[in-house]
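> Predicted coordinates and the sequence they were generated for:
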Amino acid sequence: MRWPLIAAKTRDEINDALCAITQAMLRDVRGRPSDELLRRAMRGWAFVVPRPEPREMPTDVRLALRWVAGASRPLADLMDPTVMRSVLTALRLKQDGVVAAAETQRHKHKILVNAVRYAVEQHRLPADPLAPIKWSVAETADQVDPRVVANPSQARSLLCAVSYVGGFRRARGRRLVGLFAGMYYAGLRPAEAVAVTLPNCVLPAEGWGQVTLHRTLPQAGRRWTDTGRAHDERGLKSRPADDTRRVPLPPELVSLWQESINTFGTADDGRLFFNERGGIVGSSAYDRVWHEARELAFSPDLVRSLLAGRPYDLRHSALSTWLNAGVDPTEVAERAGNSVEVLMTSYAKCLYGRQAISNQRIDRLLCEYE
């Protein structure tokens, strides 16, 4: 029902949750396939739209899904609180039996709630089986961990180290310096940085520039996109499809982007950053480069720390830096594409500069009464 209307990554997440729910509803019947085969069959064939014809399935997948059909409890069994609790308990765990992160639990619980409500709507269930059950999902931490935030000196060291990753001819690292710099100096999300095109940029010879963002290219996997490509083309996060966002570019970033264009040119569609074949830069590719750069830029102690552990932490560092510089939160939120409320909730623990200013004010007040 939802498939045509949702993003590719959301399709992947719903598929994953439905697999976990289905496995929790299986009875102990003879001939159970391995957990690996069950998951592969459901992930790749059962919960995709349009569903493949049985004759298109590999034999082992077809037989596994036939077993699932016979071993699955009737949907009405969810009205039994014992069964529903077993499903809820399963959603707390990862595949290896370890307790899942709070956000993962919350997300899978939401998908279960929506599925149950749809079943009630379609008269497949007489009532909401979740209603009488007291169940709480673990609280999630909305705040950014200050330990991941790099200071300007550390960020520059990382960007320099990126340029040394890989051989000079392949330029595996040099191609991505500007991509990472966009996350740090302009606070771009990775999917936004990957999608930046030259026609949407103003890159003057001196001073500040500007980029107008209007699309993202999140990587979801070929199975989940309508085009069959690994990347899904979407609008900006939490905005109407045709909305845009203008982000100022500091001179240091303008210079890095101009250098990238002069060295590598642009892709056929005008993208500033692309792989050796001109394709969209995959998350696995830039993740590998990033981890190699950390080992070049940091001491062993810092490499083992959480500091800038992921490329996305560059965005966290950017927004924390702007707030500590005294930039108005409304302006920071506008540049970052967040609401002020989300911004201040997420970065409250990272405002070192404001804490120091508050300490000074408290000291002055106490001194007045000595």
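Structure received. What you see is a predicted model; the values in this text were computed from it and never measured.
> what residue ranges in the chain score low on pLDDT?
Along the chain, the model assigns pLDDT under 70 to residues 138-142, 351-357.
> those strands in it, which residues are they?
201-202, 209-213, 245-249 (DSSP state E).
> now for those strands, which one comes closest to residue 194?
Proximity to residue 194 (C-beta to C-beta) singles out strand 209-213 among those, at 11.4 Å. For every residue, glycine as well, the C-beta is placed using N, CA and C.
> between the closest one and strand 245-249, how big is the angle?
Angle of strand 209-213 versus strand 245-249, following axes from the mean of the first three to the mean of the last three C-alpha atoms, to 10 degrees, is 150 degrees.
> In the sheet, which strands lie alongside strand 209-213, parallel or antiparallel?
strand 201-202 (antiparallel), strand 245-249 (antiparallel) (DSSP bridges).
> Packed most tightly, which of those strands would that be?
Of the strands paired with strand 209-213, the one with the most neighbours on average (mean count of other C-beta atoms under 10 Å) is strand 245-249, at a mean of 18.
> Put together TSV for the strands paired with strand 209-213, with distance to residue 331 on each row.
Compiled in TSV, the strands paired with strand 209-213 are given as follows (distance: least, C-beta to C-beta, whole Å):
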stretch	distance to residue 331
strand 201-202	19
strand 245-249	10
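> closest to residue 11 out of these?
Minimum separation from residue 11 across those (C-beta to C-beta) falls at strand 245-249, 25.1 Å.
> what's the closest one in contact with?
185-188, 201-203, 208-214, 236, 239, 257, 334-335, 337 (C-beta atoms under 8 Å, 6 or more residues apart in numbering).
> Equivalent analysis for stretch 223-242, please.
Taking C-beta under 8 Å, 6+ apart as the rule, stretch 223-242 contacts 7-9, 11-12, 15, 44, 48, 189, 191-192, 194, 213-222, 243-245, 280, 282, 337.
> Show me which residues of it are buried.
Going by neighbour count (16 or more other C-beta atoms under 10 Å), the buried part of stretch 223-242 is 224-225, 229-232, 234-236.
> quick one: that stretch to chain centroid distance?
13 Å (C-alpha atoms, centre = their mean, to the nearest Å).
> For it, measure first residue to last.
Separation of the first and last residues of stretch 223-242 by C-alpha to C-alpha, to the nearest Å is 25 Å.
> what do you get for stretch 295-312?
17 Å.
> Repeat that for stretch 227-236.
In stretch 227-236, first residue to last residue: 19 Å (C-alpha to C-alpha).
> repeat for stretch 148-157
Start-to-end, stretch 148-157 (C-alpha to C-alpha) is 15 Å.
> hey, where'd the helices end up in the stretch 251-370 of the chain?
If DSSP state H, counting those that start in this stretch is used as the criterion, the helices of the stretch 251-370 of the chain fall at 251-264, 283-297, 300-303, 312-324, 329-336, 340-347, 352-368.
> Adding distance to residue 38 and mean neighbour count as columns, could you present the ones you listed in a markdown table?
Compiled in a markdown table, the helices of the stretch 251-370 of the chain are given as follows (distance: least, C-beta to C-beta, whole Å; neighbours: other C-beta atoms under 10 Å):
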| stretch | distance to residue 38 | mean neighbour count |
| --- | --- | --- |
| helix 251-264 | 45 | 17 |
| helix 283-297 | 26 | 18 |
| helix 300-303 | 38 | 11 |
| helix 312-324 | 32 | 22 |
| helix 329-336 | 42 | 17 |
| helix 340-347 | 38 | 16 |
| helix 352-368 | 49 | 11 |
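> Any chance of CSV for those helices, columns distance to residue 97?
Listed next are those as CSV, based on distance: least, C-beta to C-beta, whole Å:
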stretch, distance to residue 97
helix 251-264, 45
helix 283-297, 26
helix 300-303, 30
helix 312-324, 28
helix 329-336, 38
helix 340-347, 31
helix 352-368, 39
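> thinking again about what came up before, out of the strands of the chain, which is closest to residue 147?
Residue 147 lies closest to strand 245-249 among the strands of the chain, at 26.4 Å (C-beta to C-beta).
> Please list the residues outside stretch 80-97 that contact it.
Contacts for stretch 80-97 (C-beta under 8 Å, 6+ apart): 17, 20-21, 23-25, 35, 39, 73, 77-78, 99-100, 104-105, 108-109, 112, 129-130, 132-133, 135.
> From the chain's centroid, how far away is that stretch?
Computed by C-alpha atoms, centre = their mean, the chain-centroid distance of stretch 80-97 equals 25 Å.
> and it, how far apart are its ends?
End residues of stretch 80-97 are separated by 24 Å (C-alpha to C-alpha).
> Would you mark the buried spots in the helix ranked longest in the chain?
Using DSSP state H to define each element, the chain has its longest helix at helix 102-121. Neighbour-count burial for helix 102-121 flags 104-105, 107-109, 111-112, 115-116, 119 (criterion: 16+ other C-beta under 10 Å).
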